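S.K.: 3D model of this:
(2 chains)
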2 protein chains.
Amino acid sequence: MESIKAYIDQNKNRFLEELFELLRIPSISSQAEHKPDMLRCAEQWKSILLTAGADKAEVMPTKGNPVVYGEKIIDPKLPTVLVYGHYDVMPVDPVELWNTQPFEPVIKDGKIWCRGADDDKGQAFMHAKAFEYMVRTNNLPCNVKFMIEGEEEVGSGSLSEWIVEYKDLVKADVILVSDTSMIAADVPSITTGLRGLAYWEIEVTGPNADLHSGIFGGSVANPLNTLCEMIAKCMDENNHISIPHFYDDVIECSDRERELLNKAPYSEEEYKKSLGVKALRGEKGYTKIEHVGIRPSFDLCGMWGGYTGEGSKTVLPSKAYAKLSCRLVPNQNHEKIAVLVKNYFEQNAPDYVKVKVTPLHGGQAYGCPIDLPAYKAAEAAYMDVYGKQPIPTRSGGSIPIIARFEEVLGIKSILMGFGLGSDAIHSPNENYPLEQFFNGIKTIPMFYRHFAELMQLERGGANAIS
Amino acid sequence: MESIKAYIDQNKNRFLEELFELLRIPSISSQAEHKPDMLRCAEQWKSILLTAGADKAEVMPTKGNPVVYGEKIIDPKLPTVLVYGHYDVMPVDPVELWNTQPFEPVIKDGKIWCRGADDDKGQAFMHAKAFEYMVRTNNLPCNVKFMIEGEEEVGSGSLSEWIVEYKDLVKADVILVSDTSMIAADVPSITTGLRGLAYWEIEVTGPNADLHSGIFGGSVANPLNTLCEMIAKCMDENNHISIPHFYDDVIECSDRERELLNKAPYSEEEYKKSLGVKALRGEKGYTKIEHVGIRPSFDLCGMWGGYTGEGSKTVLPSKAYAKLSCRLVPNQNHEKIAVLVKNYFEQNAPDYVKVKVTPLHGGQAYGCPIDLPAYKAAEAAYMDVYGKQPIPTRSGGSIPIIARFEEVLGIKSILMGFGLGSDAIHSPNENYPLEQFFNGIKTIPMFYRHFAELMQLERGGANAIS
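M.R.: Residues are numbered from 1 along each chain as shown, chains lettered A, B, ... in the order given. Just a heads-up that it's a prediction; the model follows:
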């Protein structure tokens, strides 16, 4: 521990300078205009991995954005850790709400302010620097592989195929990921569950052109009114999603699991205060922690149609659009839900409009058992740095590729996140506290040490039995 | 009639050139960036009136866009016609749906294609040219005043005050307006009723920032979902507006009036075909003609919130917005309705959101009796040109200032419109058939002749009695 602390102290400024170079690249994967930035960002990562001590690093093309792969194999007999991260970021709208330039990192109040500061450039970069420390100080106890993709924020489509082709290349004993949050800066936690996701664009067409709302209003269906009505019908008075068969595959959590889950510290008053709301809204019969951890959601991510500019144009619009997302829970299949919801909207469309639903992306939910050696290694690493046992939690967020790793590679992922709830990921003014950044760099080498030890014990045990 | 026909033949190209100069000015009153265009357009009208033969014409400032006033007083004892029109136009979004440049007039298929070609530059300009004809051929039987404003599309706020100040200046026996449509090119009609309007912007605030839809989705109210639900509650299964007291002041039409109204030719199949819809949607118990003529409407003119760009950003937005309009019918007070709906939304907001409703503009409905001398003069003028008695109709559209004229000036307006339903006013590809444009210029001088005669008879009659 002292060794890594000293290493950080000596290299602090360089770490930040290197991270800032990465943050300045506006690598927004959902916007086609940023295609060249994706390539720049991948090349930057290649250079980061080589600088940190990788034996080799490559920008590997896919049908979409490239995957950056790097490795250092010190002994094929030692366990191998596969580090996963992503170099793409979310869009920055509404840009007028940012206090600084979204892609010009600034340090203020002990935090780095920039799009990607936490999600996931800042968190993934901790692994590069922890790796550098272990290489340069001869403290690396495992083989290491890096796999950094550029489409996490749009569903990891290319990486999903890439891992099929490169299954042997990325062979490992565990996947280590920092792309989640801890409960609080002094309450470490490890994410053991992730919600899945299904996402659609809904297009409602009324008349074949925008109409004068006076000449036609009252006799022709308004697609915006109709879309509102269709959305309103999807949730009942208990905030239960009322689309038939939506919950069919949900496995209800056991009472024991729910009890553990609810041990996480939580103050409803604080939560409401931080969000600026007087009341919360969630499914009847579940706690707030359960609403985001073990229950599906139904949220409009966007909606638009008609006149949205200054002033008061009167118009009966031809089209209305919505972007809809549902977070899913383990055992709900996102492809099945995508079809279910698409059919529900299209088949229940009133005859005075046409409704077209396009599934845009999705991912399965994920669960990690807490008796895995890798989980225990992570637990011990947090203990070393934070002096407290981390709480296993279920995150409401989705990292669709994590479930895919298990499906294709047969490897479990350990979600060692160092983000905080206040980091405003996906929102204006994303930030990442310097303390979390440096604590992450301290914790990661501890994980490697404990993991190598536990794996040796386990293999020793296995050898003894055979 | 032969005289005006010949005058048009000789001056046709010049008329169009002058109109095109006016159409090229992008005088969009709802967008602040077009402020200089409003002034240019007013100056252009001043020049049009002087060219046509006005004794004087002035651009008269208001708190908003100026009013253009012009007059020719030939004999104070003769009746006076006050011509009203507007030089402002609607925005042009969605601009990608236009087949030509919105502000570059083009003649194609016998029509003028341009924003404002019909509403109201084209129709108001007919009055200038009819006036020019009467002046230059010594056929003017009345005094004429022109009052052309620049805020009709945003509620005529400045003119509403201006007429209070200049009540004496604009004193007249009738107001003549071409800003409405006929049933069809071969079915002349005169609009005897106009719906009123109330218009609001609704802002729904959920959490104080855009949130990660995974981390918060399911436990925090989504303002877009909530706004959809609030809108959906405003109309019942019979398409009757369910906001309490909304219909309190509506005077139901007599059976006789409804019978006359429904005599207008109407084919539901044609109507649906022209709109590209399989079914219509309207209040139960009323015909399609009644839905837009004698019943109020409830339409979203726009709605927006969250991520509306390319791809699939997942976000739980902080804000949701809608622009809502209701068309009103005679005896509904738009100010009363504005408050009623504002209070309804704000007082029925669920406790997990904040709702703010801002009334943006409004206007009263209007009705014109068909036994007025001016109405009879208009009827006779259409007979002269079209060879058919025009049908009195109620328009679903609103010209809020018409009711205001009656309130402040005590003068009824005659709505001699020459537009057609296919003119796409307020929509992309606005157009105005040349035939309607020239027929308008022919019909207007006939109105002046009949009106002068009928007024002389009436005044003679009054004298005889006194």
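S.K.: tell me the domain boundaries of chain A?
M.R.: A:2-194+A:365-465, A:196-250+A:296-363 (automatic domain parsing).
S.K.: and these: which comes nearest residue B:417?
M.R.: Nearest of those to residue B:417, taken as Cβ to Cβ: domain A:196-250+A:296-363 at 11.4 Å. For glycine as for every other residue, the C-beta is placed from the backbone atoms N, C-alpha and C.
S.K.: measure that closest one end to end?
M.R.: Domain A:196-250+A:296-363 stretches 5 Å from its first residue to its last (Cα to Cα, to the nearest Å).
S.K.: quick one: name the residues of the stretch 301-450 of chain A near chain B.
M.R.: Residues of the stretch 301-450 of chain A lying close to chain B (Cβ under 8 Å from any Cβ of the partner chain) are A:301-317, A:320-323, A:325, A:327, A:350-353, A:360-361, A:395-398, A:421, A:424-429.
S.K.: now list the buried members of those.
M.R.: Among those, the ones that count as buried by 16 or more other Cβ atoms under 10 Å in any protein chain shown are A:301-308, A:311-317, A:320-323, A:325, A:327, A:352-353, A:360-361, A:395-398, A:424-429.
S.K.: among those residues, name the ones in strands.
M.R.: A:301-306, A:320-323, A:325, A:327, A:360-361, A:395 (DSSP state E).
S.K.: quick check: the farthest pair among the residues you listed?
M.R.: Pairwise distances across those (Cβ to Cβ) peak at 36.5 Å, for the pair A:306 and A:395.
S.K.: including mean pLDDT, could the domains of chain A go into CSV?
M.R.: What follows is these, written out as CSV (pLDDT from 0 to 100):
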stretch, mean pLDDT
domain A:2-194+A:365-465, 95
domain A:196-250+A:296-363, 96
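S.K.: do a quick rundown of the helices in the stretch 101-250 of chain A.
M.R.: A:121-136, A:157-165, A:213-216, A:223-232 (DSSP state H, counting those that start in this stretch).
S.K.: equivalent analysis for the stretch 301-450 of chain A, please.
M.R.: So, for the stretch 301-450 of chain A - with DSSP H, counting those that start in this stretch - the helices run A:334-347, A:373-386, A:400-409, A:434-465.
S.K.: for residue A:365, find the nearest of these.
M.R.: When the helices of the stretch 301-450 of chain A are compared by Cβ to Cβ, helix A:400-409 sits nearest residue A:365, at 6.5 Å.
S.K.: just checking, what packs against the closest one?
M.R.: Here helix A:400-409 is seen to pack against helix A:157-165, strand A:174-177, strand A:196-205, strand A:354-363, strand A:366-367, strand A:413-415 when contacts are counted using 3 or more Cβ pairs under 8 Å, 6 or more residues apart in numbering or on different chains; DSSP states H and E.
S.K.: centre of the chain to it, how far?
M.R.: Helix A:400-409 has its C-alpha centroid displaced from the chain centroid by 14 Å (Cα atoms, centre = their mean, to the nearest Å).
S.K.: in chain A, which residue is closest to the centre?
M.R.: Geometric centre of chain A, nearest residue: residue A:399, 4.4 Å, by Cα atoms, centre = their mean.
S.K.: that one contacts residue A:178, correct?
M.R.: No: assessed by Cβ atoms under 8 Å, residue A:399 is found out of contact with residue A:178, at 11.0 Å.
S.K.: where do the contact lists of those two overlap?
M.R.: residue A:415 (Cβ atoms under 8 Å, 6 or more residues apart in numbering or on different chains).
S.K.: around chain B, pick out the residues from the stretch 1-150 of chain A.
M.R.: So far as Cβ under 8 Å from any Cβ goes, the stretch 1-150 of chain A lies against chain B at A:29, A:30, A:31, A:32, A:90, A:91, A:93, A:94, A:97.
S.K.: switch the cut-off to 7 Å
M.R.: A:30, A:31, A:32, A:90, A:91, A:93 (Cβ under 7 Å from any Cβ of the partner chain).
S.K.: residue contacts, the first one?
M.R.: So that's residue A:30. A:91, A:153, A:154, B:310, B:311, B:312, B:313 (Cβ atoms under 7 Å, 6 or more residues apart in numbering or on different chains).
S.K.: need those in JSON lines with distance to residue B:416, can you?
M.R.: Shown next, in JSON lines, are these (distance: Cβ to Cβ, whole Å):
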{"residue": "A:91", "distance to residue B:416": "52"}
{"residue": "A:153", "distance to residue B:416": "59"}
{"residue": "A:154", "distance to residue B:416": "57"}
{"residue": "B:310", "distance to residue B:416": "48"}
{"residue": "B:311", "distance to residue B:416": "51"}
{"residue": "B:312", "distance to residue B:416": "52"}
{"residue": "B:313", "distance to residue B:416": "52"}
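S.K.: could you export the residues of the stretch 1-150 of chain A next to chain B as TSV, including secondary structure?
M.R.: Formatted as TSV, these follow (DSSP: H, G, I helix; E, B strand; the rest coil):
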residue	secondary structure
A:30	coil
A:31	coil
A:32	helix
A:90	coil
A:91	coil
A:93	coil
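S.K.: number of nearby residues for residue A:71?
M.R.: By other Cβ atoms under 10 Å in any protein chain shown, 21 other residues sit near residue A:71.
S.K.: would you say it is within a strand?
M.R.: Yes: per three-state DSSP, residue A:71 lies within a strand segment.
S.K.: partners of the residue nearest to it when sequence neighbours are not counted in the sheet?
M.R.: Closest residue to residue A:71 apart from its sequence neighbours, by Cβ to Cβ, 6 or more residues apart in numbering or on different chains: residue A:145 at 4.5 Å. In this entry, residue A:145 is beta-bridged to residue A:71, residue A:82, by DSSP bridges.
S.K.: I'd say residue A:145 and residue A:79 touch.
M.R.: No: contact criterion Cβ atoms under 7 Å: residue A:145 and residue A:79 do not qualify, at 11.5 Å.
S.K.: need the phi and psi values for the nearest residue to residue A:94 once chain neighbours are set aside.
M.R.: Sequence neighbours aside, residue A:428 is the residue nearest to residue A:94 in space, at 6.6 Å (criterion: Cβ to Cβ, 6+ apart). Backbone torsions of residue A:428, given as degrees, to the nearest 10, read phi -60, psi 150.
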